[in-house]
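Novice: starting from these lines, generate the structure:
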Amino acid sequence: MRRLNQFISLKIKIPLYPTPLWIFFSASFCLTSLIRISLLFEQTELHPRILKTFSLGLGYDLMNAALITLVIGLLPLTNRLFKIFSTLLFIAIAVFSFIDYQYLLQFGSHLPFHTLEYLHAPQHFSSTIIAALHHPSFLLIVFFPISGFVFVAFHFQKNEQSWKQKLPIRTVSLITLFVIGGSAGSYSNSYVGKNIDDPLTSAALNYFFWTQDREKEEAHKKPTQALELIESSMLGKLPSDPIYSEYPLVREHNANGCSIKVTELANLLCPDTSKKLNIILLLMESFRASEIGVYGSKINLTPKFDEWSKKGILFKNFYANGFQTRHGEIATYCSVMPNYGVAVMKSYAKNQFRCLPSVLQEKGYSTTWFHAGDASFDGQASFFKENGFEKIVDKFDFPWDTEELGWGYSDGALFQKLLSSLPQLRVPFFASALTITNHHPFTVPPEYDLGLGTQALHKYYNSVHYMDSKLGEFLSLAEKTTWFENTIIIVTADTSSFLTPQSEPKDFGEFVSIRSQIPLLILGGPIKQNAEIKDFGSQIDLAPTIMDLLSLAWTSPWVGKSLIGHQDLPIAYTNRPGSYWAVMSESGSVFSENDNKFHVDNLIDPYVEDRLKSLGTSWLKVTSWLLQEDLYWPKFDKNNQVVFQ
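Specialist: Below you'll find the model as predicted:
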């Protein structure tokens, strides 16, 4: 009783100025909430639903600030040590918030956990780092907040108090923080969980740690029922050779699309089969369809593409299968569905695949891959060499004084390199190039600045315009070469873009479509008339289409289908792990949001809806299991004998 009276009789000295504990809490909350407020005012309209999501996100900011402050407030530190520790922690929060904000500007979501894999190779994106440091947000999120925090934290409360003197006020502060944190996070997480990818709803720190399980490697049981559905949907003939008996997707294909000509595309595209055509496949970096005039853009960013679309075959409903370059590459070159989890080229690069360059090489083609950046990024060089590209041409094959823009040498330099190299390739050739200028920081020469503004979106528009101009120059020069008459040029993209679209999506389906639709334009000497094709397709369909076009029979586990041949229901598939997947068709589309909510077209037939849902969910399971078991294609030694693993 005496001790209790002594504790009560202690004089609790109310500080005249805020304590370091409350300075840290206030600064942390203000920093994250001000970023959230800026996101709020970027919305096209302040709908009540938007305000609800904003309030939930603000609650997370308050909860995080309170709980982090509560934890460090429990540490037995003197005022001076607390100031030093809290300053270092606030610097870390400010820097993380800045990196997250820059990522959000480019990809439309908070920073996911998997981005840690790129920390070991900062040289690949040094231009992005430099551009970010020159962005006004660096001053607003990092420099001014940190400077202000240091000044306030070390200006007030200079006197040192003993633990006995400050214990009562510290206790009251900690209890108050506990109440604030608990109250701010007391609402149901159900709504937040379903809208985790909305940056207004989720908090940067929470999102970062929540997404660490999105690409986790876990054991997958054989999805027997899903596998049966996928096998039944595969075209082609089951091979008779027993070496393929353990590989469920391998099929033999006759490549008869051009001989029977049952589709509009076959009648338009199929050339004289007595000639072996050259193939050029251009993957244009982040070339979103909605920025292209013939796909509906009103800004006139792509006059050259629009002009050339009148000379070739344009596909109006073509989609990227994933959301990163490495997803687009595995889908385009190998007709492998991007994994709904860890990226194929990240964790399964040593698996056995059957890719288009390897098949064409066996048919007598030379195969070369061109890139104006470092081909070792994301393991591209080693993967491509292992899977059929005889030669890799990257930035180390360019003169040292080549024009550099952003992540590598300019698209103009890449197309010049392509033009000078193609006549030297052994014919027939398969050459593919990946551009790079249309990647953040979207650096372009001054003459390509459209004067639309200085935000990342405006710089993206400048970069799209530059890329279009250089593509047009390449095509105009190619048209005058001797090889053009016997060459098919396929222009598409590696991915779409997650930057803010020109018009607000009316629903979730349109949100996904805009962020995954890419162009597909087929040009070249053999193309004698232009046309627009409305059938749906995606990157996995390109490899079988090219083989069908060349009338070259092949055996492979490719999951795509030739756009030339007949299909009961042409579909396009896309996914972004943990965020969405979609199966789209002319008869209707199905969109899965965060694996817990389906969006479907209003007038879709129930049978089509069920079929698309079944295909989508089955592909997720089958792809993960096949990658885990390495069952796409058998391994052969140098003597073409199967190596049993």
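
Novice: Ala433: what's it in contact with?
Specialist: Neighbouring residues of Ala433 by CB atoms under 8 Å, 6 or more residues apart in numbering: 280-283, 369-371, 414-415, 418. C-beta coordinates here come from the backbone N, C-alpha and C atoms, glycine included.

Novice: now, those residues that are in strands?
Specialist: With strands taken from DSSP state E, the overlap with those comprises 280-283, 369-371.

Novice: between the residues you listed, which sits nearest Glu264?
Specialist: Among the ones in strands among the contacts of Ala433, Leu281 lies closest to Glu264 (CB to CB), at 22.2 Å.

Novice: for the closest one, which non-adjacent residue is closest in space?
Specialist: In space, and not counting its chain neighbours, Leu281 is closest to Ser432: 4.2 Å by CB to CB, 6 or more residues apart in numbering.

Novice: quick one, phi/psi of the one you found?
Specialist: phi -130, psi 140 (degrees, to the nearest 10).

Novice: for burial, what's the neighbour tally of it?
Specialist: A count of neighbours around Ser432, defined by other CB atoms under 10 Å, yields 23.

Novice: for the remainder of this discussion, apply numbering that starts at 56.
Specialist: In the new numbering, first residue 56, that becomes Ser487.

Novice: just the pLDDT for it.
Specialist: Model confidence at Ser487, expressed as pLDDT, equals 98.

Novice: also Leu94?
Specialist: 81.

Novice: thinking it is in contact with Pro254, fair?
Specialist: Yes. Here Leu94 reaches Pro254: they are 5.9 Å apart, a contact under CB atoms under 8 Å.

Novice: if we can go back for a sec, so which of the contacts of Ala488 wins on neighbours?
Specialist: Leu469 (28 neighbours).

Novice: name the nearest residue to that residue, ignoring sequence neighbours.
Specialist: Going by CB to CB, 6+ apart, Leu469 has Ala427 as its nearest residue, at 4.1 Å.

Novice: kindly report the same for Ser314.
Specialist: Once flanking residues are discounted, Ser314 sits nearest to Ser606: 6.7 Å by CB to CB, 6+ apart.

Novice: and that neighbour, its phi and psi?
Specialist: Residue torsions, per degrees, to the nearest 10, at Ser606 are phi 60, psi 40.

Novice: doesn't His308 make contact with it?
Specialist: No. In terms of CB under 8 Å, Ser606 does not count as a neighbour of His308; the distance is 11.0 Å.

Novice: after the lengthiest helix in the chain, which helix or strand is next?
Specialist: As assigned by DSSP state H, the longest helix anywhere in the chain is helix 134-162. Using DSSP states H and E, the helix or strand that follows helix 134-162 towards the C-terminus is helix 181-188.

Novice: got the CA coordinates for that following helix in CSV?
Specialist: Provided in CSV are the C-alpha atoms of helix 181-188 (Å, rounded to 0.1, in the frame of the first residue of the first chain):
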residue,chain,number,x,y,z
SER,A,181,20.4,2.7,-62.2
SER,A,182,18.7,5.0,-64.7
THR,A,183,15.4,4.5,-62.9
ILE,A,184,17.1,5.2,-59.5
ILE,A,185,18.6,8.4,-60.9
ALA,A,186,15.3,9.5,-62.4
ALA,A,187,13.5,8.8,-59.1
LEU,A,188,16.0,10.9,-57.1
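
Novice: who does it touch, helix- and strand-wise?
Specialist: helix 134-162 (3 or more CB pairs under 8 Å, 6 or more residues apart in numbering; DSSP states H and E).

Novice: would you mark the buried spots in the helix it packs on?
Specialist: 134, 137-138, 141-142, 145, 148-149, 152-162 (16 or more other CB atoms under 10 Å).

Novice: what's the mean pLDDT across the longest helix of the chain?
Specialist: Helix 134-162 comes out at a mean pLDDT of 87.

Novice: can you spell out which helices and strands pack onto that helix?
Specialist: helix 75-95, helix 103-128, helix 181-188, helix 191-193, helix 199-210, helix 259-265.

Novice: any idea how far it is from the chain center?
Specialist: 25 Å (CA atoms, centre = their mean, to the nearest Å).

Novice: before we move on, the earlier item: let's have the ones in strands among the contacts of Ala488 in TSV, adding distance to Leu304 and pLDDT.
Specialist: Converted to TSV, the ones in strands among the contacts of Ala488 look like this (distance: CB to CB, whole Å; pLDDT from 0 to 100):
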residue	distance to Leu304	pLDDT
Ile335	28	98
Leu336	23	98
Leu337	28	98
Leu338	24	98
Trp424	25	97
Phe425	30	97
His426	29	96
